[in-house]
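> any chance you could fold what I've pasted below:
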Amino acid sequence: MRETVTDATGRFSFADVQAGAFTLTVLAKGFEEKSLSATLQTDESYEAPPVELQASAVTTEVRVTATREEVAQEQLRDEEKQRVLGIIPNFNVVYVPDAPPLNGRQKFELVWKMSVDPFTFVTTGMSAGMEQANNDLKGYGQGAAGYARRFGADYGDNVIGTVLGSAVLPAVFRQDPRYFYKGTGSRRARVLYAIANSVICKGDNGRWQPNYSRIIASPAAGAISNLYLPAGDRLSAGAIFADAAIGKATGAAENIFQEFVVKKLTPKTPVYARKQPPNP
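Modelled structure (predicted):
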């Protein structure tokens, strides 16, 4: 097989070609090749006719990849649909083991959804009603005004604790405020995991670390609530830290409940969460 390259005008030639049948193939990058055949007699020259090449079909592969922030936002929308028995918000739990971290705006969005959910107002109203019936926080008095003060104080306690522990401090310390469901392993391993998650959390870098956000948020929220409680019902510093310690124990129990019960009662966990292997 002999090869040559055309000049600038597309002309080419071969010398000393033996007589007989031959096939001439023309190639150019980006074009379909074209061949023509003929027979060359002895002492004969051959001039090929003009050859026109067709542009070859080009297949282009386009891959669209979402950013980590976009993936986190989509997963957050799914989390905001999670409700135990279809009623009780279960927004602060993630069933995706490798979920990307939330940015600061997304952490505040999650807190906002929890704070303004109708169920939050219902439970706050029930709590204020029980306090009214037991005459807790006597400084607020009775009647509609007393109930309104108790409702406002309870709602304030809830929102302040949630904002500090799930948005402000996680944004400062770059920590993920959500509970990462484990779902597999021995019962003992899952219980220990749930208990540990009352004092540790995933950082935005994906590594486990002490949960500074929640550790600081509990006493800080207690101290702030002292500012609007009736003077006779305000807590001492020791009582505030004792309440924070009780809150950690309660959080561990809630995590165990999350690990073994809540997912079964939550109908709208993301489909992709059920397909992915759980966090080891």
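
> how far away is the residue of the chain positioned farthest from its centre from Phe22?
For the chain, the largest distance from the centre (CA atoms, centre = their mean) belongs to Asp43, which lies 78.6 Å off. Asp43 is 16 Å from Phe22, where distance means CB to CB, to the nearest Å. Backbone N, C-alpha and C define where each C-beta goes, glycine included.

> report pLDDT for the residue lying closest to Pro270 once chain neighbours are set aside.
Of all residues beyond its chain neighbours, the one nearest Pro270 is Asp78 (4.3 Å), with distances taken as CB to CB, 6 or more residues apart in numbering. Looking at Asp78, its pLDDT reads 90.

> in the stretch 151-280 of the chain, which spans are helices?
169-173, 187-196, 212-225, 237-257, 263-265, 271-275 (DSSP state H, counting those that start in this stretch).

> now do the phi/psi pair for the residue farthest from the centre of the chain.
In this entry, Asp43 is assigned phi and psi values of phi 60, psi 20 (degrees, to the nearest 10).

> so Gly232 makes contact with Lys138?
Yes - the criterion here is CB atoms under 8 Å, and Gly232 meets it with Lys138 at 6.8 Å.

> between the two, which has more neighbouring residues?
When Gly232 and Lys138 are compared on other CB atoms under 10 Å, the one with more neighbours turns out to be Lys138, at 11 against 8.

> the more buried one and Gly125: what is the separation?
Going from Lys138 to Gly125 by CB to CB gives 20 Å.

> and for Ala196?
Distance from Ala196 to Gly125, counting by CB to CB: 34 Å.

> list the buried residues for the helix or strand the residue nearest to Pro270 falls within?
Per DSSP states H and E, Asp78 falls inside helix 68-79. Of all the residues in helix 68-79, those buried under the rule 16 or more other CB atoms under 10 Å are Ala72, Gln73, Gln75, Leu76, Asp78, Glu79.

> and for stretch 191-202?
Applying a neighbour-count criterion of 16+ other CB under 10 Å, one finds Val191, Tyr193, Ala194, Ile195, Asn197, Ser198, Ile200, Cys201, Lys202 buried in stretch 191-202.
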